[in-house]
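Visitor: Pasted the sequence and its predicted model underneath.
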Amino acid sequence: MTVDLAPIAPYFSDLRAGRPLAVLTGAGVSAESGLPTFRGPGGIWEGERAEELATPGAFARDPVKVWRFYSWRREKLRAARPNEAHLALARLEATLPRMTLITQNVDGLHAAAGSRHPIELHGSLLRDRCSGCGHVSPAPDQPFESLPPRCPLCAGLLRPDVVWFGESLPYDAWQAAEAAAEESAVFLVVGTSSVVAPASSLGIIAARAGAHLFEINPEATPIAPLAEGVFRAKASTVMSALATALGAA
Ligand code: NAD
Ligand code: ZN
């Protein structure tokens, strides 16, 4: 499938010359790796909406259920590989003088594709954190033998090291993402429904600060009216074409 890059082509020379590109990705970028999005098919797990399980309240009420949900997501993740969207973004980063990749995804697939410093706004499913002492540890390769898992240091309840609905984002990650949005010349919003705050505000921050904003998503989202151009196609198709056009073949 060919993509008409005309709306964004006027900025290619600026980007090649070192004007900053910032890219915000969401679950849609990993959909083609077989990982379900929250708001698409697969966002329902055992009859409950994924968004209702990813909360501190759900964990306090029923940690075993929330852990079963995350164990299921980890199982899917073990089988998942980066797709062309992740790979094209990594090639772009290696080619352009200045690019910042910001992700809401917790699956580690940007790093697996070769992106060096993705800003992970919502933490990582590849780590656990103790809800008692805060100790962070890599997630085990195998599923836990019994749930809920306990901290080896203080026996507190372990939780996945991700940001749940209603929790604040890691301060440093947010600061870095906001700064990248403010200084970007071009800002791409790729594969996100743009409804989860505050990540959804990054495109708005960028546009207000003068960036040329583009959306890449098969479906329209609330950010679309602010965008200078939209690409209604899959992330892999558009990112691949964009990387090639910018010399990151
Ligand atoms: P979302 O589920 O709300 O939205 C996904 C978006 O991706 C939709 O707008 C959909 O139209 C679009 N999409 C689907 N297939 C696509 C494709 N092939 N190419 C481009 N776009 C495509 O996800 P979100 O906006 O990222 O927000 C949900 C929250 O859920 C985030 O906080 C994130 O941390 C979490 N989440 C993460 C993962 C992951 O790490 N892979 C998966 C599910 C949810
Ligand atoms: Zn502990």
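Guide: In hand now; what should we look at? Ligands and ions are numbered 1, 2, ... in the order given.
Visitor: tally of neighbours for residue 151?
Guide: Residue 151 has 19 neighbours, counted by other CB atoms under 10 Å. Where C-beta positions appear, they are placed from N, C-alpha and C, glycine not excepted.
Visitor: Excluding chain neighbours, give the residue nearest to it in space.
Guide: The shortest distance from residue 151 to any non-neighbouring residue, by CB to CB, 6 or more residues apart in numbering, is to residue 130 (3.8 Å).
Visitor: Now do that neighbour against residue 153, distance only.
Guide: Between residue 130 and residue 153 the computed distance is 7 Å (CB to CB, to the nearest Å).
Visitor: Compare the two and say which is more crowded by neighbours.
Guide: Using other CB under 10 Å, the more surrounded residue of residue 130 and residue 153 is residue 130, with 21 against 12.
Visitor: Return the residues of this protein in contact with ligand 1.
Guide: Contact residues, the chain versus ligand 1 (CB under 6 Å from any ligand atom): 26-28, 30-32, 35, 37-40, 104-107, 122, 191-193, 196, 217-219, 221, 234-235.
Visitor: circling back to that earlier point, wait, the residue nearest to residue 151 touches residue 157, no?
Guide: Yes - counting by CB atoms under 8 Å, residue 130 does reach residue 157; the two are 7.5 Å apart.
Visitor: what touches both of those two?
Guide: residue 151 (CB atoms under 8 Å, 6 or more residues apart in numbering).
Visitor: helices or strands up against the helix or strand where residue 241 lies?
Guide: According to DSSP states H and E, residue 241 maps onto helix 235-245. Helices and strands touching helix 235-245, by 3 or more CB pairs under 8 Å, 6 or more residues apart in numbering; DSSP states H and E, are helix 27-31, helix 84-95, strand 186-190, strand 212-216.
Visitor: What residues sit buried inside the first one?
Guide: Using 16 or more other CB atoms under 10 Å as the test for burial, helix 27-31 gives 27, 28, 29, 30, 31.
Visitor: Quick one: mean pLDDT over that helix.
Guide: Across helix 27-31, the average pLDDT comes to 97.
Visitor: quick one: is the lengthiest strand in the chain near ligand 2?
Guide: Assignment by DSSP state E gives strand 123-130 as the longest strand of the chain. Yes - for strand 123-130 and ligand 2, the contact criterion (CB under 5 Å from the ion) is met by residue 130.
Visitor: Who does the very next helix or strand once past that strand pair with, and is each partner parallel or antiparallel?
Guide: Next helix or strand after strand 123-130 toward the C-terminus (DSSP H and E): strand 136-138. When pairing is defined by DSSP bridges, strand 136-138 lines up against strand 123-130 (antiparallel).
Visitor: Show me which positions of stretch 231-245 end up buried.
Guide: Buried residues in stretch 231-245, counted by 16+ other CB under 10 Å: 231, 233, 234, 235, 236, 237, 238, 239, 240, 241, 242, 243.
Visitor: got the contact list for that stretch?
Guide: Under CB under 8 Å, 6+ apart, the answer for stretch 231-245 is 1-3, 5, 7-9, 12, 25, 28-29, 31-32, 83-85, 88-89, 91-92, 95, 190-191, 214-220, 249.
Visitor: Check the model's average confidence along that stretch for me.
Guide: Mean predicted confidence for stretch 231-245 is 98.
Visitor: Buried members of the contacts of stretch 231-245 into PyMOL, please.
Guide: This is the PyMOL syntax for the buried subset of the contacts of stretch 231-245, where burial follows 16+ other CB under 10 Å:
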select buried, resi 3+5+8+25+28+29+31+32+83+84+85+88+89+91+92+190+191+214+215+216+217
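Visitor: what sits against residue 135?
Guide: Taking CB under 8 Å, 6+ apart, one finds 129, 151, 152, 153, 154 in contact with residue 135.
Visitor: ok and the helix or strand encompassing residue 78 relative to strand 123-130, angle-wise?
Guide: Element membership for residue 78 (DSSP H and E) is helix 63-79. Here helix 63-79 runs at 140 degrees with respect to strand 123-130, directions being taken by axes from the mean of the first three to the mean of the last three CA atoms, to 10 degrees.
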